[in-house]
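[1] Need a 3D model of the following:
(one chain, ligands or ions: 1)
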Amino acid sequence: MPERVLAILNRPSLDAPAHDPDAVPVHFADVAQPHLSVMDLAATRGDGVFETLSVCGGVPLAREHHLARFARSAAMLDLPAPDLDAWRAAIFATVAELEPAAEAFVKIVLTRGVEGTNLPTGWAYAEHSPEFSDARTRGIRVVLLDRGYRHDVARTSPWLLAGAKTLSYAVNKAVLREAARRGADDVIFVSSDGILLEGPTSTLVYRRGNTLLTPAPDLGILDGTTQASIFRFAAARGMQTKVGVAGSDALRTADAAWLLSSVRLVAPIRQIDDTPLRVEADLSAAMNEYLLALRE
Ligand code: PLP
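    Residues are numbered from 1 along each chain as shown. This next block holds a predicted model:
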């Protein structure tokens, strides 16, 4: 069985015709060969949306949450609505084809398609996950960087697509290079008016006493699927959970903090700018064990 699998959807949205009316809904394609047109708006404009799901023990985690977010992102971009039944089937087919592994991921991508065709492009790509034990145990160093938008940008300027998971991730990659220049591993965005937001590919969660806190999704950030799972974990352990709006001082004075995401899962933060933060090894390990044991 292959360690990388690519499945291409024949009809990613019921709002548009199929690419080939006689073809099967999903066909596997050679990962090593090119499949995307140079005129696809994903390539020329970053015009599309995506999701990346963890696959643990062969099960794509938080599948329905990811699919709902996928549909929401597509709606924010006025893309043809993804046919979630077709996407769900594509996810399962891709994962079933993949060589089994303890940890893998599947990435689903919907683009506006080749310019002028009104035929969206869609594919699912699965691969074994890289090793993350260092980030999960030793922890990561983060820097706080100004995102340049106010905390209410999603309400005042929805056309900026804050909170949509678009293919335009050049900024999210640029900030990681800036973090590296500053001797850090990752980034936490702060709004121009000083409110804690999210990482470029992760959700911030921090602990104060017996409460886990995370920034609210209406701050123009993604509602994290991993954060949702970890809040269920915390509630089951008798901890309080809270979604809210807080300035960066709340993080600097937190008892502990983590960046959460699919695939890398829970990475404890061991340094914020130049200030060390205590890594809670046991709690971090318990969080990762919980996620790795999930089967839905
Ligand atoms: N925020 C952003 C901007 C992201 O890109 C991601 C994931 O890639 C997350 C948060 C974390 O979301 P999830 O836990 O659903 O992977």
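[2] domains for the protein, by residue range?
    4-128, 133-293 (automatic domain parsing).
[3] first to last residue in the longest one, what's the distance?
    Using C-alpha to C-alpha, to the nearest Å, the end-to-end distance of domain 133-293 comes to 16 Å.
[4] ok now it, how far from the chain's centre?
    Taking C-alpha atoms, centre = their mean, to the nearest Å, one finds domain 133-293 lying 12 Å from the centre of the chain it belongs to.
[5] cool, stretch 112-121 as well?
    That offset, for stretch 112-121, works out to 24 Å (C-alpha atoms, centre = their mean).
[6] quick one: buried residues of it?
    By neighbour count with 16 or more other C-beta atoms under 10 Å, stretch 112-121 contains the buried residues 112-114, 117, 119-121. Just so you know, the C-beta spots here come from the backbone N, C-alpha and C atoms, and that holds for glycine as well.
[7] will you turn the domains of the chain into a markdown table that also has mean pLDDT?
    Formatted as a markdown table, the domains of the chain follow (pLDDT from 0 to 100):
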| stretch | mean pLDDT |
| --- | --- |
| domain 4-128 | 98 |
| domain 133-293 | 98 |
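[8] Excluding covalently adjacent residues, which one is nearest to the single nearest residue of the stretch 51-200 of the chain relative to the ligand?
    Proximity of the stretch 51-200 of the chain to the ligand (C-beta to the nearest ligand atom) peaks at Glu198, 4.4 Å away. Counting by C-beta to C-beta, 6 or more residues apart in numbering, Glu198 lies nearest to Ile221, which is 4.2 Å off, once chain neighbours are set aside.
[9] contacting residues around that neighbour?
    Ile221 sits next to 162-163, 189, 197-198, 203, 215 when contact means C-beta atoms under 8 Å, 6 or more residues apart in numbering.
[10] what are the ranges of the helices in the stretch 51-200 of the chain?
    63-76, 84-97, 133-137, 153-156, 170-181 (DSSP state H, counting those that start in this stretch).
[11] Now render these as JSON lines, adding distance to Asp47 and mean neighbour count.
    Converted to JSON lines, those look like this (distance: least, C-beta to C-beta, whole Å; neighbours: other C-beta atoms under 10 Å):
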{"stretch": "helix 63-76", "distance to Asp47": "11", "mean neighbour count": "19"}
{"stretch": "helix 84-97", "distance to Asp47": "18", "mean neighbour count": "18"}
{"stretch": "helix 133-137", "distance to Asp47": "31", "mean neighbour count": "14"}
{"stretch": "helix 153-156", "distance to Asp47": "20", "mean neighbour count": "16"}
{"stretch": "helix 170-181", "distance to Asp47": "13", "mean neighbour count": "13"}
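[12] any chance of those in CSV, plus distance to the ligand?
    Below are those laid out as CSV (distance: least, C-beta to the nearest ligand atom, whole Å):
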stretch, distance to the ligand
helix 63-76, 7
helix 84-97, 14
helix 133-137, 14
helix 153-156, 13
helix 170-181, 6
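[13] Tabulate these (CSV), appending distance to Val26.
    Shown next, in CSV, are those (distance: least, C-beta to C-beta, whole Å):
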stretch, distance to Val26
helix 63-76, 15
helix 84-97, 5
helix 133-137, 33
helix 153-156, 34
helix 170-181, 28
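[14] Out of the contacts of Ile221, grab the one that's most surrounded.
    Pro215 (29 neighbours; other C-beta atoms under 10 Å).
[15] Could you verify my assumption that that one touches Val190?
    No - contact criterion C-beta atoms under 8 Å: Pro215 and Val190 do not qualify, at 10.0 Å.
[16] Overlap in contacts, these two.
    Common neighbours of Pro215 and Val190 are listed as 196-197 (criterion: C-beta under 8 Å, 6+ apart).
[17] in which helix or strand would I find the residue lying closest to Pro276 once chain neighbours are set aside?
    Distances taken as C-beta to C-beta, 6+ apart place Arg270 nearest to Pro276, at 6.6 Å, with adjacent residues excluded. Remark: Arg270 resides in strand 265-272, with elements defined by DSSP states H and E.
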